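Asker: coords below, sequence missing:
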């Protein structure tokens, strides 16, 4: 029995459709920043800081010129998302119905990539009072293999 001439065309269309179709994982709901901004002034007590910001994610002690203090670090996740990215291509064998031979078709190799944006706030605490603070944004991208 002879195969119809349009069968390779349909097969090619399906292969192209599968090749260019991808899926993307939806992003998880990002945590919104607090509705009211915190108000911290130099000289505020640590109790006032804890009332506004809660307990710090990390505390570290520092010593300089005979004085000692601590750095309180707060981290706030602003955005996090996951997506599929192309790592490369591999050739897969497919039977060609017209020639009854094997032909190679390129196929994408995908891996998951996670992006996150975190706001980091560090407070310098000495003698139970806020001396200064600084903020920065940390961006991180991780590929899962």
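Answerer: Looks like it came in fine. Because the structure is a prediction, the values reported are computed rather than measured. Numbering: from 1, shown residues only.

Asker: quick one: the strands in this protein?
Answerer: Using DSSP state E, the strands found in the chain span residues 58-64, 67-96, 101-126, 129-144.

Asker: do you know which of the ones you listed lies nearest residue 43?
Answerer: Shortest distance between residue 43 and the strands of the chain, using C-beta to C-beta, is found for strand 129-144: 5.5 Å. Placement of C-beta: from N, CA and C, glycine included.

Asker: name the nearest residue to residue 62, ignoring sequence neighbours.
Answerer: Leaving aside its sequence neighbours, residue 62 sits nearest to residue 69 (C-beta to C-beta, 6 or more residues apart in numbering; 5.6 Å).

Asker: correction: the previous question concerned residue 74.
Answerer: residue 121 (4.6 Å).

Asker: right, and that neighbour touches residue 135 too?
Answerer: Yes: between residue 121 and residue 135 there is a contact under C-beta atoms under 8 Å: 4.9 Å.

Asker: so where's the chain uncertain?
Answerer: Low-confidence segments of the chain (pLDDT under 70): 1-6, 15, 17-38, 145.

Asker: please name the bridge partners of the residue nearest the centre of the chain.
Answerer: By C-alpha atoms, centre = their mean, the chain has its centre lying nearest to residue 115, at 1.6 Å. With beta bridges defined as DSSP bridges, residue 115 has these partners: residue 81, residue 141.

Asker: next, count neighbours for residue 56.
Answerer: By other C-beta atoms under 10 Å, 20 other residues sit near residue 56.

Asker: swap that for residue 72, sorry
Answerer: With other C-beta under 10 Å as criterion, residue 72 counts 21.

Asker: close enough to count as contact, it and residue 122?
Answerer: Yes: the pair residue 72 / residue 122 is scored as a contact, 7.1 Å apart, by C-beta under 8 Å.

Asker: which one, of the strands of the chain, ends up nearest to residue 40?
Answerer: Of all the strands of the chain, the one in closest proximity to residue 40, counting by C-beta to C-beta, is strand 129-144 (5.8 Å).
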